[in-house]
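*Asks:* Sequence plus the predicted model coming up.
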2 protein chains.
Amino acid sequence: MSTSLSWGDILASRADRMRASEIRELLKLLDQPDIISFAGGIPDPSLFPTKAASDATAEILGDPVRAAQAMQYSVSEGYAPLRQWIAGHMGRLGVACTADNILITNGSQQGLDFLAKLLISPGDTALVEAPTYLGALQAFNPYEPRYDRLQPEGGNVTPAEYAARAEATGGRVKFAYVVPDFANPTGETMTVAARNALLDLAGELGIAIIEDTAYEALRFEGERVTPILALDIAREGHIDKTRTVYCGTFSKTIAPAYRVGWICAAAPIISKLVLVKQAADLHSSTINQMVMQSVVASHYDAQVEAARALYRGRRDVLLAALAREMPEGVTWTKPEGGLFVWVTLPEGVDGAELLAIAIATERVAFVPGSAFFATDAKKNTIRLNFSSPNEAQINEGIKRLARLLGKM
Amino acid sequence: MSTSLSWGDILASRADRMRASEIRELLKLLDQPDIISFAGGIPDPSLFPTKAASDATAEILGDPVRAAQAMQYSVSEGYAPLRQWIAGHMGRLGVACTADNILITNGSQQGLDFLAKLLISPGDTALVEAPTYLGALQAFNPYEPRYDRLQPEGGNVTPAEYAARAEATGGRVKFAYVVPDFANPTGETMTVAARNALLDLAGELGIAIIEDTAYEALRFEGERVTPILALDIAREGHIDKTRTVYCGTFSKTIAPAYRVGWICAAAPIISKLVLVKQAADLHSSTINQMVMQSVVASHYDAQVEAARALYRGRRDVLLAALAREMPEGVTWTKPEGGLFVWVTLPEGVDGAELLAIAIATERVAFVPGSAFFATDAKKNTIRLNFSSPNEAQINEGIKRLARLLGKM
């Protein structure tokens, strides 16, 4: 991380740039029973395939040969049958690939850490949207990137300008990071035109694209938009010639606690990332990968359908409540999927200040929008999650929040 | 990692410094049924507490409240009852601490990665023994340290000399890394005097000590040596004033595949490492931590006793076979515990060349010693593991290896 800190210095400074996480810590403390929380980004536990997971575990550990494998060290790239299942899954999304294009990671978060570790030297530039996923900024920050703003739907500067700005701070542009489907925090989805424009930009700059698809499966309506990696393959003719690194996860469709995600990318990139994985933690939990493979092989489609139905209903209730309750001057996104709605407050209303008042007076929590900006935070924004609160809580919580905003 | 590589450069160079892992890959391929392998460092699967783990999983997932917790996101520092159990375990080892001094990691390997991430900037110096654990070098290498040689049992240069050498390459000494008990690869244990001398050195340099205790529980005979962290606490009066970071794991006592290890250190350091954990992969698998807590609470002592008995017998057979079979000029360590014996071959016999011949002609595998040196490899060395081969395989394997060496 930063230069020349001794053991004694650590306490004072080394982790300062990770402070954004304090907001999460704050919100964690505030998830108390009497608070209606739109803060987290966590799945509804009623969706977890508890019985399928329990049965799979019992079956694996009940067979001495499989049990010995399940509890032993295993290869860094991941459990082969799971990698094969994921390769087939990627094929159904339009990404032609094999298990050689798949690395198992501890959720997609670990994929973000590995890519920054592989690509970023201090002073290099990462292109990110504003706002973007807070956890991505946390994953990238330890490698000390400079951030520049990506505006995929219009507003990007020229490749030469991005490159010149990066060189001015002594580094190079290394990657563009996007959450193209139902983004965290905005809920918005990139158009095909924007995806193609991003591929053009990345090609001219000679950089990677990190495609974070944590919410991709949770589409409630409308047509699926082709993954950036699939568009890249269509241009280059083969996945092994592409620059797009797809980070997927089972956290939002099956269960987060198994910590099973994946990276899908050109095989030579996967080979490098396998070495990063080996150095970082040897491999992901063997038993968790075996259980996950068993669960997704039999339950993936049903899990996704159930999650879509539940969250679609909650989104509908949230959008209806916002339309019914919110005062003039408040606007919000209308996501076609995912877990989040992004609310823009009247100019001058600070989301962080609103949170403090909302908790104290109305017992409502959410995440202030400023947490999601690498630089130049737009403070009059908040993120509302609709996967955790139930429909009654959503109605009551928005009523309270609107009441508070009406007084301001 | 290194400076200014574009996406295209990656394929050519970025991961070059991780090449040591290729030896592991080679050995993995060579773990074929007809080969007697002394290569791996893996536990014997007959020791895995399969039934206890299966029962614990069924119990947790059979209770709706615990199941919802087990499959959900959880806090980065780890599952509180497991941290409490580990704090009690550390107390039994002479380390007075609380759960605030414990962070759960994905095995001790992830602890090594996090500490390098927190402490090392390119060009900084890490003090390591020669030989040392290959996986530690792999964890540290991405952060581009310079290595200097630590000789805890005698031969260290002065603190001023270590500091001057580090400054000459533009960095500072940041930590000393040791495996004090039954080290990988040598099987040797640091004396109390050497541990105290290391604390003196670290104090004068103002650096951390990373105490990797992966094998600590596997003592077959003799008195336990006080952990460096316990000696540090005795000097400083309280764990929160110490510089020693203890990296522990259940991989060698319970099962590796759950990927559950821990860091025990001063609470302010744990707070920093919690942020590193959050950025890296959010948290370790919730269900695995809950299962591990259940298993260790009821089975830890029995597991350790069984492992000690099995591995003690195999070590005895290995040492007897070496004494019986090896030609003049071959020497080896006599470990009081752990998984490894370190063999020094006659001058001029290269362990890597011997491996190629041993596999081709005698169907015997081991790890060439050169893999375990950060610099200036002593090539006439090999590491023999005695936890994987059974007693008959050990006798036959050493007979074959001695036969080959007798011809050279």
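*Replies:* Everything's here; your move.

*Asks:* And the residue nearest the centre of chain A?
*Replies:* Relative to the mean C-alpha position of chain A, the nearest C-alpha, by CA atoms, centre = their mean, is the one of A:Ala214, at 4.8 Å.

*Asks:* got the contact list for that residue?
*Replies:* By CB atoms under 8 Å, 6 or more residues apart in numbering or on different chains, the residues touching A:Ala214 are A:108, A:179, A:184, A:247-249, A:251-252. Just so you know, the C-beta spots here come from the backbone N, C-alpha and C atoms, and that holds for glycine as well.

*Asks:* which residues of chain A fall in strands?
*Replies:* A:36-37, A:102-105, A:125-128, A:146-149, A:173-178, A:208-212, A:244-249, A:261-264, A:331-332, A:340-344, A:364-365, A:367-368, A:381-385 (DSSP state E).

*Asks:* Identify whichever of the ones you listed lies nearest to chain B.
*Replies:* strand A:208-212 (4.5 Å; CB to the nearest CB).

*Asks:* my read: A:Gly111 touches A:Ser251, true?
*Replies:* No. Contact criterion CB atoms under 8 Å: A:Gly111 and A:Ser251 do not qualify, at 11.8 Å.

*Asks:* Could you name the helices and strands sitting against the longest helix along chain A?
*Replies:* Counting residues, the longest helix found in chain A (DSSP state H) is helix A:286-325. Based on contacts counted as 3 or more CB pairs under 8 Å, 6 or more residues apart in numbering or on different chains; DSSP states H and E, the elements that helix A:286-325 packs against are helix A:50-62, helix A:64-70, helix A:80-92, strand A:340-344, helix A:391-407, helix B:286-325.

*Asks:* Give the rounded mean pLDDT of the fourth one.
*Replies:* What it means is strand A:340-344. Strand A:340-344 carries an average pLDDT of 98.

*Asks:* Which positions in the stretch 201-350 of chain A make contact with chain B?
*Replies:* Contact residues, the stretch 201-350 of chain A versus chain B (CB under 8 Å from any CB of the partner chain): A:206-208, A:243, A:251, A:255-259, A:268-269, A:271-272, A:275-276, A:278-288.

*Asks:* Kindly recompute the last result at 7 Å.
*Replies:* Taking CB under 7 Å from any CB of the partner chain as the contact definition, the stretch 201-350 of chain A meets chain B at A:206-208, A:243, A:255-259, A:268-269, A:272, A:275, A:278-282, A:285-288.

*Asks:* so which of the contacts of A:Ala214 is the most crowded?
*Replies:* Counting neighbours by other CB atoms under 10 Å in any protein chain shown, A:Ser108 leads these with 29 neighbours.

*Asks:* Common neighbours of A:Gly111 and A:Ser251, please.
*Replies:* Common neighbours of A:Gly111 and A:Ser251 (criterion: CB atoms under 7 Å, 6 or more residues apart in numbering or on different chains): A:Gly261.

*Asks:* buried set for stretch A:322-341?
*Replies:* Buried residues in stretch A:322-341, defined by neighbour count with 16 or more other CB atoms under 10 Å in any protein chain shown: A:322, A:325-326, A:330, A:332-333, A:335-341.

*Asks:* Closest to chain B out of those?
*Replies:* Distances from the buried residues of stretch A:322-341 to chain B were compared by CB to the nearest CB; the smallest belongs to A:Leu339, at 12.4 Å.

*Asks:* Tell me who's in contact with that closest one.
*Replies:* A:41, A:215, A:311, A:385-387.

*Asks:* domain ranges for chain A?
*Replies:* Annotated domains of chain A cover A:7-49+A:302-407, A:74-299 [automatic domain parsing].

*Asks:* and of those, who's closest to B:Pro81?
*Replies:* domain A:74-299 (15.3 Å; CB to CB).

*Asks:* Quick check: end-to-end length of that closest one?
*Replies:* Using CA to CA, to the nearest Å, one end of domain A:74-299 lies 25 Å from the other.

*Asks:* Can you pull out the low-pLDDT segments for chain A?
*Replies:* Within chain A, the segments meeting pLDDT under 70 span A:1-31.

*Asks:* how many neighbours does the residue in the stretch 301-408 of chain A that chain B sits nearest to have?
*Replies:* Closest to chain B within the stretch 301-408 of chain A is A:Ser388: 10.4 Å, counting by CB to the nearest CB. Residues lying near A:Ser388 (other CB under 10 Å) number 20.

*Asks:* distance from the centroid: which residue in chain A tops it?
*Replies:* Distance to the chain centre peaks in chain A at A:Pro64, reaching 37.4 Å (criterion: CA atoms, centre = their mean).

*Asks:* Grab the nearest non-local neighbour of that one.
*Replies:* In this structure, A:Pro64 finds its nearest non-sequential neighbour in B:Thr50, 7.7 Å apart by CB to CB, 6 or more residues apart in numbering or on different chains.

*Asks:* do A:Gly91 as well
*Replies:* A:Cys97 (6.9 Å).

*Asks:* likewise A:Glu391?
*Replies:* Of all residues not flanking A:Glu391 in the chain, A:Val317 sits nearest, at 4.6 Å (CB to CB, 6+ apart).

*Asks:* Surely that neighbour touches A:Asn395?
*Replies:* Yes. Between A:Val317 and A:Asn395 there is a contact at 6.4 Å, judged by CB atoms under 7 Å.

*Asks:* Return the residues in contact with A:Gly171.
*Replies:* A:121, A:123-125, A:146, B:4.

*Asks:* Looking at neighbours, which among the contacts of A:Leu339 is most surrounded?
*Replies:* Neighbour counts for these peak at A:Phe386, which has 28 neighbours (criterion: other CB under 10 Å).

*Asks:* who's in contact with it?
*Replies:* A:311, A:314-315, A:318, A:339, A:341, A:394.

*Asks:* mind running it again at 6 Å?
*Replies:* A:314-315, A:318 (CB atoms under 6 Å, 6 or more residues apart in numbering or on different chains).

*Asks:* Generate a ChimeraX selection restricted to the buried entries among the contacts of A:Gly171.
*Replies:* Of the contacts of A:Gly171, the buried ones go into a single ChimeraX selection, burial set by 16+ other CB under 10 Å:
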select /A:121,124,125,146
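
*Asks:* Take the contacts of A:Gly171 and write them to TSV, including distance to A:Glu59.
*Replies:* Formatted as TSV, these follow (distance: CB to CB, whole Å):
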residue	distance to A:Glu59
A:Ser121	47
A:Gly123	51
A:Asp124	47
A:Thr125	49
A:Arg146	50
B:Ser4	50
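
*Asks:* burial of the residue nearest to A:Thr286 when sequence neighbours are not counted, as a residue count?
*Replies:* Closest residue in space to A:Thr286, ignoring its immediate chain neighbours: B:Ala257 at 3.7 Å, by CB to CB, 6+ apart. Look at B:Ala257: counted by other CB under 10 Å, it has 26 neighbours.
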